[in-house]
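1. sequence and predicted structure below; questions after.
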Amino acid sequence: MSANFRTAEDGRIDRSRPLGFRFDERSYQGFPGDTLASALLANGVHLVGRSFKYHRPRGILSAGADEPNALVAVRRDEARYTPNLRATQVELYQGLSAESQNRSPSLAFDIGAVNDRLSRFFPAGFYYKTFMWPRKAWERWYEPWIRAMAGLGRAPTLPDPDRYANRFAHCDVLVVGAGPAGLAAALSAAEAGARVILCDEQAEFGGSLLAESDATIEGKPAATWLAETVALLALKPRVTLLPRTTAFGYFAYNMVGLAERLTEHLAEPDPALPRERLWQVRAREVVLAAGAIERPLVFPGNDRPGVMLADATRTYLNRYGVKCGSRAVVVTAHDAAYRAALELHRAGVAIAAIADLRTAANGPLPEAARAAGLPVRPATTITGTGGRLRVTAASLAPLAAESDRRGAEPLTCDLVLMSGGFTPSVHLFSQSRGKLRFDGELAAYVPGHSVQQERSAGACRGVFGLAAALADGAAAGEAAARAAGFSAARARSFACHASGFGTGGIRSVLPNAHGAKAFVDFQNDVTADDLVLATREGFHSIEHVKRYTTTGMATDQGKTSNMNALGIVSEALGKPIPEIGLTTFRMPYTPVSFGILAGPSRDELFDPVRTTPIHDWATAHGAVFEDVGQWKRARYFPAPGEDMERAVARECRAVRQSTGIFDASTLGKIEVVGPDAVEFMNRIYVNAWSRLGAGRCRYGLVLREDGFIADDGVVGRLAENRFHVTTTTGGATRVLAQMEDYLQTEWPELEVWLTSVTEQWAVIAVQGPRSRAVLEGLVEGIDIASRAMPHMSVAEGRIRGVPTRLFRVSYTGELGFEVNVPADYGRAVWEEIFEAGQPHGITPYGTETMHVLRAEKGYIVVGQETDGTATPDDVGLTWAVGKTKPDFVGKRSLARPAMRAPGRKQLVGLLTEDPHFLLEEGAQILAAPNQKAPTKPLGHVTSSYRSATLGRTIALAMIAGGRDRMGEMLYVTTAERPVPAKVTSPVFYDPEGARLDAA
Amino acid sequence: MQRFSALSLIRHSLGGHLGWQPQWRSPEPKAEYDAVIVGAGGHGLGAAYYLAKEHGMRNIAVLEKGWLGGGNTGRNTTIIRSNYLYDESAALYDHALKLWENLSRELNYNVMFSQRGVMMLAHTVHDVQIFKRHVHANRANGVDNEWLTAEQAKEFCPPLHIGPGLRYPVLGAALQRRGGTARHDAVAWGYARAADALGVDIIQNCEVTAIRRGTAGAVEAVETSRGAIRTRKIGVSAAGNTSVVMAMAGLRMPLESYPLQALVSEPVKPMFPCVAMSNTIHAYISQSDKGELVIGAGMDAYVSYSQHGALHIPAQTLEAICELFPMFRRMRMLRNWGGIVDVTPDRSPILAKTEVAGLYVNCGWGTGGFKATPGAAHLLAWTIAKDEPHPINAPFTIERFRDGVVIDEAAAAAVSH
Amino acid sequence: MLLIVCPYCGERPEIEFSYGGEAHLVRPKDPASLGDAEWADYLYARSNPKGVHAERWRHTHGCARFFNALRDTLSDRFLATYRIGEQRPDLA
């Protein structure tokens, strides 16, 4: 099978360095410059894949991004296994290992091909019409079977070890596509002085120039001009050249997404290199020079391996030095195929016939073909092909015979060239939200009205032929530079000599294609009949046809199929193409890896990790951390052999009996300063602040304007015009945003300044009866005796020389202090306190213990007791609300009927009958033990802990009318049956608050 | 209506599939209907179907400005579940889920409802509390939901990375086994075909431009791009356009419309057996029958009707996907698209009568309308036919915002998909 | 990603900003005097237009200032941005 189809000398491959590679189980040889597709074709391999639905043998159709058939997986190792790559885009390297997909057991013999035999039973949408009975059968049998048949390649199974990079860039002119139009545009724009980025999806710049055989530009062979032009551009400091870079998406405000592939073509990539890099380019002006895509012809057996796009065979010949076969039949509706036939003929490929679907084949290219002795047959169609894994014959018949296969004459061949003309690539233009226009003369959609700062040039706007493309590109580049504020010294023009491009084209099926397997969408196995069936069944919008038949929904997104599908639907409905509509061109132009979009984000880079100044100390002391927002918080400090339960019990006892030390640095902190600070606080908080003296603190509660609790925290009044506000860890940003919102937009007359100081202060909570004793020797300039510094007060001084804001506050119910020191001193002060506390048995504790201690006291956690639907009264905080204030954020909403209605859920305590049974947080509360679902629970458990202090479990709950249920026995759901629990006050420990002053 | 079955498929196969009839007609609008539904998505088409089937109203039109099923019905990630926190929501979505379970046979159209299980991942202690609350609440409500440990979650969904090394390790998951996915287009087509068979006129390319009200304020007619149509009952079910349509009747709605993006990968062989969702790191993912990974991305930040979002939104989603499923980095995004979702202040829908006599509205489903399709349709039909809500949708009024009754799923779980 | 002209800082990418919802909804001076329906209207009803939308943005990761903008919600193009307290520009 490894026949040699390589020409003697043509092409851009480096014949001096043969490369070995594998496809499935066989080894082959190719050269640098090859794609996997060209290397396989050089070895005579056409069969490379199986189709999606019928598992039909498929070969290489095209030479580029439009390839629907030749999908392969490339495997460097299991972690670097990439499915569904187009062989036409995979660059060859030494040792490349590729495999075919969607076949079992082998490409040549695929069991799934039975679907092809049964295909008459599987028309478009067949699955909507059956598999409905019995009910469970869909999931048990049918769906698994359909799923197994579907899919293409397989997903990699190991984490991808490669890196992905990300970059933002700006430029004056971004040129997409480095074919003749794009190169000319880049040259013009660069010469006008614009900062230019030129990108092209291929490894080499040049586009169609890479396959030119005899054209000259500026008197030089096209290849020479290309090399010189690229070299010239590369020398310009304001020009960035990005080969192997696909412009995949066009977004608002002229942002274009580029996917650059950096290592995929290398045999042994430098591990330091990222695999791909995402460029997000904001361009003043964009020139789209994306080229055009050749259309296949829709005839029976048009999918057989060896049936190829005519122009693709030219590319293989001229660029890669590969003859795609020995004897070709050419079928065309466009002159361009004659050029392919002529060049193949010159290279020694026999041309059995050129069937031209047009009644007359004139013009320079057909004439040249005739002059070269090629058998040109106008008004001739192809009625079918023969062969199994490779085309062996093509049947031609005169069009006039109105017919069918009777007049058909089978011609032996191993290659069929087809051309239905060219479809301008308007994907990016359409993504830019520009309006497409149907050009009746070209019978194609071309860019119409632009919405963003872009212009198209060359084949992508229907300007075909080398000379025209160069001129169009130069004009577009010059215009783009001018629009970006640069004036060109002179309009560029290129003296160009090339064979003409010719005219022609068809979008639809060929005669005889109905009632046979004539494919429109190769990858999804959509035939012309499928499309007609859809219209017969009432699917008249092109979007409906697309979704019902899946045409255009494969991994090529219909690059080769959409125009033909439109033509067929247009004929079936008897409406002109523009009336059928057009499916949306969706991002991305060609598939882009998840990795490139995720970029460097991974593990610790997935989301910033916020740590406190005491974090490393906690780590060193064995803390187990939990995630709270982006913060890492120490949850508990297990001693050797302790689990969480035992550690927490020990930590709780320490705080209640002697003293504990807790890192509260994550608390949000905002400084509210200014002459109107107190007025501002009055409006934002439910509390009244006017009478709070300097040096005193108060528990503050913030509502949203809809009356529900947003956040809480202790607020200290440092001076007449200065408040030190604390918020919850998770609420800091939200509270500041709410404050700024009202201050800037509702009350701009207030002279208040807000500063987030969360990360400026480390906060060390020292809690427990011995806390004063621990701090006494450390604090300078503050009298911390109870009389001088009562509960809920704040003073500024120093602690071991470090400026300190010392709060006497308690979230534990014990005598306690919160030491605020500048963050840089946090760890040092923490260690000083820890050291000073040693004689008192000071014990570090984490958030879990903090939770237990506060729950014993019935203190709420916003977000745990509340869930965005709780009012202050619901959680027993009516006392905090300033009664005489005319207004505050959320006040009016509290007056709405449902906010005051009886039967709202209220915060209560719950004690299980079994004192050791621990309820699950979130468990539901029922009125009776044997309520059957569905039932409407009375409420739910919000917090539940083992209380070492009380020697039993405790829980907080939100229960409908809860405060009127004191002493009632209710039932709480568990994984098994509901358990009884008694409604109590939420304050389980020291309800009088005596311990706040116990020392 | 031509019955669909394996037998009919075989019979038509032998006839070269020439005998299939249109699945629905393309009628010209009549001058008057007993009820007009605005919006031919799954909800609107379904409402017409149930009006015809269960309430005997046959003179009905569904008006669609584009092509039927072309709005959010055809743009979502097809996740179906009913494990909502509040009693009212759970009842609403479970009503829908029960209808889903027999929908293919009800409509004689395979909507490919696949109860693959929907797993919601918990990454923090707070998540665990919230999802356990869901589990308990759902079970009390008669809705299945169960708690899985991280290891059980991985067993249920082998590609899942649960840690260590994960920035937000998986601490467990809530699993609703009855949840799953369906084929979104088929839902619209199935309802359209079944409604059409009952005489409902589905009028595509017919944009409502005005709502006419009589002297007493009740609705009288809709003006459309294809002429005026008289009717006494208008059901607005036009997700992504509700504010615009309701403004025609003079109503200002508690709604904002945001672009919501989604994407699919290239198809691969089956390997992802369920639906996995993470509210904390914002990802949800399943694999379609075709083999594509179907991934929901986030909402863009601002009100918009453009159906075009920015690149950083899917990029953030894929960061989360790659974090949870690190072997997917080499998978490739095939298509990305956007829809427009109408969001209410409490993220729960409005399915109710309005202050305008004869005007009914079904809106505000936010990111979660698809899963409700049969339920919303059924209840909207009921509300229109009886001029009063069914007990299940009675709580979902517009007035709840005036009165301060919120059904705030979003408050408990940051995102309500 | 949109490009937004902050009236204080100039043109910046969208990711530096937070969206702030509909603009020119002035908080009533005396909410207590409002009926429930009027209060709900202030709290919840939104014009949500298809077309020109007056909306608030905050240059959160910049100057942190709120400002107003007019944007076409069909095309997402900004038509104007202006400072809080300034009149909504007349585009006609």
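-> Thanks, I have it.
2. care to break chain B down by domain?
-> With domains defined by automatic domain parsing, chain B comprises B:6-76+B:184-253+B:348-403, B:114-181+B:256-343.
3. gap between the longest one and the chain center?
-> Yep, that's domain B:6-76+B:184-253+B:348-403 we're talking about. Between the centre of domain B:6-76+B:184-253+B:348-403 and the centre of its chain there are 13 Å (C-alpha atoms, centre = their mean, to the nearest Å).
4. quick one: the strands in chain C?
-> In chain C, the segments counted as strands under DSSP state E are C:3-6, C:10-13, C:18-22, C:52-58, C:66-72, C:78-83.
5. what about residue A:339, which SS state?
-> Three-state call for residue A:339 (DSSP: H, G, I helix; E, B strand; the rest coil): helix.
6. go ahead and confirm it touches residue A:313.
-> No: between residue A:339 and residue A:313 there is no contact under C-beta atoms under 8 Å: 10.5 Å. Every residue, glycine included, has its C-beta placed from N, CA and C.
7. number of nearby residues for whichever residue of the stretch 51-200 of chain A sits closest to chain B?
-> In the stretch 51-200 of chain A, the residue that lies nearest chain B is residue A:151 (3.1 Å; C-beta to the nearest C-beta). Summarising burial for residue A:151: neighbours were counted as other C-beta atoms under 10 Å in any protein chain shown, giving 25.
8. what separates residue C:14 from residue C:71, distance-wise?
-> Distance, residue C:14 to residue C:71, by C-beta to C-beta, to the nearest Å: 11 Å.
9. correction: residue A:148
-> 48 Å.
10. higher neighbour count, these two?
-> Legend: neighbour count by other C-beta under 10 Å for residue A:148 and residue C:71, higher for residue C:71 (23 against 13).
11. contacts only, for the more buried one.
-> Shown in contact with residue C:71 (C-beta atoms under 8 Å, 6 or more residues apart in numbering or on different chains): B:302, C:52, C:53, C:55, C:77, C:78, C:79.
12. what values do phi and psi take at the closest residue to the residue of the stretch 51-200 of chain A closest to chain B other than its chain neighbours?
-> What sits nearest to residue A:151 in space, not counting adjacent residues and going by C-beta to C-beta, 6 or more residues apart in numbering or on different chains, is residue B:291, at 3.1 Å. Phi and psi for residue B:291, reported as degrees, to the nearest 10, are phi 110, psi -10.
13. give the next helix or strand downstream of the longest strand seen in chain B.
-> The strand that spans the most residues within chain B, counting by DSSP E, is strand B:332-343. Using DSSP states H and E, the next helix or strand after strand B:332-343 towards the C-terminus is strand B:350-353.
14. show me which residues of chain C sit near chain B.
-> By C-beta under 8 Å from any C-beta of the partner chain, the residues of chain C that approach chain B are C:1-2, C:14-15, C:17-19, C:21-22, C:36-37, C:39-41, C:43-50, C:53, C:55, C:71, C:73-76.
15. how about a markdown table for the domains of chain B, with mean pLDDT and mean neighbour count added?
-> Below are those laid out as a markdown table (pLDDT from 0 to 100; neighbours: other C-beta atoms under 10 Å in any protein chain shown):
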| stretch | mean pLDDT | mean neighbour count |
| --- | --- | --- |
| domain B:6-76+B:184-253+B:348-403 | 97 | 22 |
| domain B:114-181+B:256-343 | 95 | 22 |
